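Enquirer: Need a 3D model of the sequence below.
(chains A and B)
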There are 2 protein chains.
Amino acid sequence: MIDLHSIKSPADIKPLDVDELTRLSAELRAILLKKLASRGGHVGPNLGVVEATVALHYVFNAPADKIVFDVSHQSYVHKMLTGRIDAFLDPDRYGDVTGYTCPEESDYDLFEVGHTSTSIALATGLAEARDLTGGKENVVAFIGDASLGGGEALEALNYVPTLKSNFIVVLNDNQMSIAENHGSLFEHLEELRRTNGQSDNNLFKALGYDYIYVREGNDLKSLIRAFEAAKDRDHAVLVHLNTMKGEGYPMAEANKERFHYTGPFDLHTGVATATDDSEDYTDIFARHMLGRMQADRKIVTITAGTPGAIGFPPARRALAGRNFIDAGICEQAATAYVAGLAKGGCRPVFAVMATFIQRAYDQLSHDISINNLPGVIVDFAGSVWGIPDVTHLGFFDIAMVSNIPNIVFLAPATAEEYLASIDWAIDNLEHPVFVRTPGGEIRHSDKPVNTDFFTYDVVREGSGVAIIGAGAFLSIAEAAADLMRERGINATVINPRILSSLDTRCLDALKSYGTVITLEDGIIDGGFGQKVAAYLGDSPVKVHVLGLKKEFIDRYDADKVLEDNGLTPRQIADLIG
Amino acid sequence: MIDLHSIKSPADIKPLDVDELTRLSAELRAILLKKLASRGGHVGPNLGVVEATVALHYVFNAPADKIVFDVSHQSYVHKMLTGRIDAFLDPDRYGDVTGYTCPEESDYDLFEVGHTSTSIALATGLAEARDLTGGKENVVAFIGDASLGGGEALEALNYVPTLKSNFIVVLNDNQMSIAENHGSLFEHLEELRRTNGQSDNNLFKALGYDYIYVREGNDLKSLIRAFEAAKDRDHAVLVHLNTMKGEGYPMAEANKERFHYTGPFDLHTGVATATDDSEDYTDIFARHMLGRMQADRKIVTITAGTPGAIGFPPARRALAGRNFIDAGICEQAATAYVAGLAKGGCRPVFAVMATFIQRAYDQLSHDISINNLPGVIVDFAGSVWGIPDVTHLGFFDIAMVSNIPNIVFLAPATAEEYLASIDWAIDNLEHPVFVRTPGGEIRHSDKPVNTDFFTYDVVREGSGVAIIGAGAFLSIAEAAADLMRERGINATVINPRILSSLDTRCLDALKSYGTVITLEDGIIDGGFGQKVAAYLGDSPVKVHVLGLKKEFIDRYDADKVLEDNGLTPRQIADLIG
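Expert: Reported below is the predicted structural model:
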């Protein structure tokens, strides 16, 4: 049997026969599971495609042939086969690879991606480039069923057959999104599976694809036969794989949603090894929303395919019933549903990860805000303490959303202010409102919340120096003010709450100050502090605008990033003489 | 026969029989054509749906039944039938209605929309609201074939059947986008038309829709029968209308692209009445790109369904051959194609209207910029002198795009600087570059272009006061400086060119100035001037940040908007004592 350490590239598996490849797959699955149990990661997606990945690299000749993984959270086995197996065999090197394809790691990885529904479109560009430059390689987009429902994927799916040249879509149909799928496409895939791919009605054939169905999507012989049949065709072909999410690990097969992504767990019991019982904003949000929905059937919570990430595991979804809408991985449509629901007299709240609301800039602007419909968006992980993967950064949301007219952008600082913001957003009929869930540790306040959200809250009255700390950075502002006090400076501390407009009365009062410092948990460019600086530009007060640098960073340490950006309390205090 | 003036609501046409409705349609078409010839507008889309709109209002009971028009550029006949016919009969009142549905005009208009692919998703929200609140009305989305290819439409098309309640998609298949369609969906629609809707393979049935085909989509009897069959169903149904774009006006039937949208024209000859022979940036751009593509087959121009608006009418497309790619109305996928083409070694240039690039924020950020791929985006009508319809405003692009990391955002001021920017963008391999086509009158310069685009250009050396005028507003800066000179002030005038980063050396030199004024042809919030203000916040120099207010405005006069925002040369000169 092949020594796993010896796998340096796909060439090393090409001499193997099917039985050997099958045994290899079992070994790869075992070491994958061991790493996943130790470090956490995308369990179900990777276990489901062990055989498909082995077969891909057996049949195609990467990197000459170009394979683009969608989301790329299922690329662990691909990494094992393309020179990075030590990062899976050796616990000391587990951290050597990221959880997504990464061109800096390997030429076998074509794009840094973490968002769904991207592979077909990215691969289309590669195929166009190939055809223009006279290349002959295969171009393969490897995409999951749930990802196929996203607009970017559907746009490209429609376009590909018009290339009239080689293009292979491998549809990894594991019958699941992160949670269950939503959309009639998935009922159609069920029909195709039920008929062993023989149904007269076939969406992909309708769109001009050759169609190959693989009933045993975890069987190497079937996979190799299908990929060989697809290889080198001179037009579009879709290979539909019926795979099992979590294949080979009974806990993951039985509980697909829990094992889509998980932290470290006990391999024998499947139980998480590090449990965190501390308070959590998703739970605070979801409990509150459930209560409001149960009291008022016009209130609706919407997710775009990430119910767990907004505090709605299956049991809570069941309690919410029809008032909980999962739009599938379709942020554009979900945002338009908000517009339609608000127009129809409901009170919709779309809860979404900050990195994914990026998909819906136009819908926020054109569908909701031009119509000034009172829909509510609540975003999560919009913070330096959000998700530290470069493809999932959450600190661009202030710059992206707060500059759209009509949207009231609120950045509450405490749990109490957060819930008051959400309630105010739901109960108002005047504006679309975007509520940013605070990042970092949860802060509480027993002070009554000032619900005039168009004004700033002066939380500490001082003189000469003012620190305006937005959202979770209010605590940094207070810590900096404490340090200043030790130095004899009594700084005013302000919680602005609203980042889409200025409280000019409050700012006017600062014009007699010597220094104003703004802090925001987002990039400086396009953010809140620059608006303050511009407003005060005509007055003699010195303004320091602090926040995060406009850059993409990966797998970062938040404390280090704060320090690099001059955002520690001491660095801030040092700004004052 | 019914007196057209007497049509106050759809109730007024319900007593008519099919022959009367047919004659009514002919009369509506005639007055529509007369207004279109006089004022310009969307000729083909409206002529094609005269009968369909009459039939819709005959069968359904708006506004109780809810009809959402996609793009809504085809809603003129709808406006005629819903209380606004005087705006079509009386030339003095032609300006009373906008070119899109407009809730401020009428309760029959549900949303202010102008972007494609929105209707199904917006209507889905209405249907959800209906189902939650116990309503029984019909919900109808009226969408064209080309619009159906956009991601937002496809996402919702997939979702609708899962509602398991009344929903009617009317697919107005006129076999055209603005230009020809691109995508395999359109070949499938052709198959459905060819088989009179009887093909075994049926995309819509595959997705769970009931399907009704109307071969004679401009025949009232057929239309009424189909809509009556669709009405009040308790699940999703798609009514596929085979219509003729430009129906009833031979010039428009024969030349569909030209008559999609046109300015005023002679009704008898079809010839435009007001021709404008002045220079035009779309032509400058397209001529330049054609030359570059012919010299280097790796250079590619991409459009997302608007080839004419970027200077590529059919003849020029033919010359460009395969190097011109029309992605269909799919800005997301088109932006991803840029990423793939750049990765594949080509030099892609995606030319797009400023209002439509809003669809692709995430693709600009995630697909292109995280990967730092050297793709080029050129946007048009990103200016106060762009399209003055509220749904097509172009002055949000600086705020949206320039705050995305890695993108070099250039705002050239002259035709020469514009072409140099595009060449620099194409020839560089380091960065994604976004080039903003200047708005307003074309300006030339015989000075050699400084192609170090990371630095500002000092176009007039003065002292004490500096005016930094970005893009087309450089000319306002110069006019203001001229006025100041009359008052004895010798202002420095700067052309910044780059809006995504600061030339800190240049700005440092301004710290000893008394006043710095920034001017930008975009909203102030999130823009370039606020970055300058923040950078200079720590120095005593006074900074005035001028630009457009963050607001949605409709059918505006650019001169008036400039004056309202303090952007006339005199207002700017008056800022200095």
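
Enquirer: For the lengthiest helix in chain A, list every residue counted as buried.
Expert: Longest helix in chain A by number of residues (criterion: DSSP state H): helix A:18-39. Buried residues in helix A:18-39, defined by neighbour count with 16 or more other C-beta atoms under 10 Å in any protein chain shown: A:21, A:24-25, A:28-29, A:32-33, A:35-37. The way it works is simple: take the backbone N, C-alpha and C, and place the C-beta from them, glycine included.

Enquirer: Same check on stretch A:150-158?
Expert: Across stretch A:150-158, burial judged by 16+ other C-beta under 10 Å covers A:150-158.

Enquirer: Just the C-alphas of the helix or strand residue A:520 falls within, formatted as CSV.
Expert: According to DSSP states H and E, residue A:520 maps onto strand A:515-523. Output of strand A:515-523 as CSV, limited to C-alpha atoms (Å, rounded to 0.1, in the frame of the first residue of the first chain):
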residue,chain,number,x,y,z
THR,A,515,-9.0,66.8,20.4
VAL,A,516,-11.7,64.4,19.2
ILE,A,517,-10.8,60.7,18.7
THR,A,518,-13.1,58.4,16.8
LEU,A,519,-12.9,54.6,17.2
GLU,A,520,-14.8,52.1,15.0
ASP,A,521,-14.8,48.4,14.8
GLY,A,522,-14.4,48.5,11.0
ILE,A,523,-12.2,49.9,8.3
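
Enquirer: Enumerate the residues of the stretch 1-150 of chain A near chain B.
Expert: A:103, A:110-115, A:118, A:121-133, A:149-150 (C-beta under 8 Å from any C-beta of the partner chain).

Enquirer: now do 6 Å
Expert: Remark: the part of the stretch 1-150 of chain A in contact with chain B comprises A:111-112, A:115, A:121-122, A:124-126, A:128-129, A:132, A:149, using C-beta under 6 Å from any C-beta of the partner chain.

Enquirer: And whichever residue of the stretch 301-450 of chain A sits closest to chain B, which helix or strand is it part of?
Expert: Chain B sits closest to residue A:340 of the stretch 301-450 of chain A, with a gap of 1.7 Å, by C-beta to the nearest C-beta. Using DSSP H and E, residue A:340 sits in helix A:331-343.

Enquirer: Number of residues surrounding residue A:198?
Expert: 9 (other C-beta atoms under 10 Å in any protein chain shown).

Enquirer: Just give the nearest non-adjacent residue to it, would you?
Expert: residue A:213 (7.9 Å; C-beta to C-beta, 6 or more residues apart in numbering or on different chains).

Enquirer: Look at the one you found and report its pLDDT.
Expert: Confidence at residue A:213, expressed as pLDDT, is 98.

Enquirer: For it, what is the enclosing helix or strand?
Expert: Using DSSP H and E, the element containing residue A:213 is strand A:210-214.

Enquirer: Listing partners with orientation, what would you give for that strand?
Expert: Neighbouring strands of strand A:210-214 in its sheet, by DSSP bridges, are strand A:236-242 (parallel).

Enquirer: Point out where chain A drops to low pLDDT.
Expert: Scanning chain A for pLDDT under 70 picks out A:1.

Enquirer: List the contacts of residue A:367.
Expert: Applying C-beta atoms under 6 Å, 6 or more residues apart in numbering or on different chains, we find residue A:367 in contact with A:336, A:339.

Enquirer: Could you report the distance from it to residue B:444?
Expert: Taking C-beta to C-beta, to the nearest Å as the measure, residue A:367 and residue B:444 are separated by 40 Å.

Enquirer: got it, and residue A:487?
Expert: From residue A:487 to residue B:444 the distance is 58 Å (C-beta to C-beta).

Enquirer: Next: residue A:444.
Expert: 63 Å.

Enquirer: coming back round to it: show me what whichever helix or strand comes after the longest helix of chain A is packed up against.
Expert: Sequence-wise, the next helix or strand downstream of helix A:18-39 (DSSP H and E) is helix A:43-48. With contacts defined as 3 or more C-beta pairs under 6 Å, 6 or more residues apart in numbering or on different chains; DSSP states H and E, helix A:43-48 has these neighbours: helix A:250-254.

Enquirer: buried set for the helix it packs on?
Expert: Buried residues in helix A:250-254, defined by neighbour count with 16+ other C-beta under 10 Å: A:251-253.

Enquirer: With respect to chain B, which of those residues is nearest?
Expert: residue A:253 (25.6 Å).

Enquirer: residue of the stretch 151-300 of chain A with the smallest distance to chain B?
Expert: Nearest residue of the stretch 151-300 of chain A to chain B, counting by C-beta to the nearest C-beta: residue A:151, 2.2 Å away.

Enquirer: how about the nearest residue to that residue, chain neighbours excluded?
Expert: residue B:151 (2.2 Å).

Enquirer: Next up, the contacts around that neighbour.
Expert: Applying C-beta under 6 Å, 6+ apart, the residues near residue B:151 are A:151-152, A:154-155, A:332, B:332.

Enquirer: how about 8 Å then?
Expert: Listed by C-beta atoms under 8 Å, 6 or more residues apart in numbering or on different chains, the contact partners of residue B:151 are A:150-152, A:154-155, A:332, B:117, B:330, B:332-333, B:359.

Enquirer: go on, residue A:167?
Expert: Each residue near residue A:167 by C-beta under 8 Å, 6+ apart is listed here: A:123-124, A:127, A:139, A:141, A:160-161, A:235-237.

Enquirer: Most neighbours out of these, which is it?
Expert: Counting by other C-beta under 10 Å, residue A:123 has the largest number of neighbours within these, with 32 neighbours.

Enquirer: quick one: terminal-to-terminal distance for stretch A:353-372?
Expert: Its start and end residues considered, stretch A:353-372 measures 23 Å (C-alpha to C-alpha, to the nearest Å).

Enquirer: Likewise for stretch A:383-399?
Expert: 12 Å.

Enquirer: do that stretch and chain B meet?
Expert: Yes. Contact of stretch A:383-399 with chain B (C-beta under 8 Å from any C-beta) involves A:390-391, A:396, A:399.

Enquirer: And that stretch, what's buried?
Expert: If you call a residue buried by 16+ other C-beta under 10 Å, then stretch A:383-399 has these buried ones: A:383-399.

Enquirer: Then stretch A:460-469?
Expert: A:460, A:462, A:465-469.

Enquirer: How about residues contacting that stretch?
Expert: Contacts to stretch A:460-469, defined as C-beta under 8 Å, 6+ apart, come from residues A:413, A:456, A:475-478, A:480-481, A:484, A:489-496, A:510, A:513-519, A:529, A:532, A:572, A:576.

Enquirer: What about those, which are in helices?
Expert: Among those, DSSP H puts A:475-478, A:480-481, A:484, A:529, A:532, A:572 in helices.

Enquirer: Let me know the closest of the residues you listed to chain B.
Expert: Among those, residue A:529 lies closest to chain B (C-beta to the nearest C-beta), at 6.5 Å.

Enquirer: Hmm, the closest one is touching residue A:546, no?
Expert: Yes. In this structure, residue A:529 is within contact of residue A:546 by C-beta atoms under 8 Å, at 6.8 Å.

Enquirer: picking up where we left off before, filter the contacts of stretch A:460-469 down to just the buried residues.
Expert: When the contacts of stretch A:460-469 are checked for burial by 16+ other C-beta under 10 Å, the buried set is A:413, A:456, A:475-478, A:480-481, A:484, A:489, A:491-496, A:510, A:513, A:515-519, A:529, A:532, A:572, A:576.

Enquirer: Show me what from the stretch 251-400 of chain A comes close to chain B.
Expert: Within the stretch 251-400 of chain A, the positions lying close to chain B (C-beta under 8 Å from any C-beta) are A:297-298, A:300, A:322-323, A:325, A:327-328, A:330, A:332-333, A:336-346, A:348, A:358-359, A:361-363, A:365-367, A:369-371, A:390-391, A:396, A:399-400.
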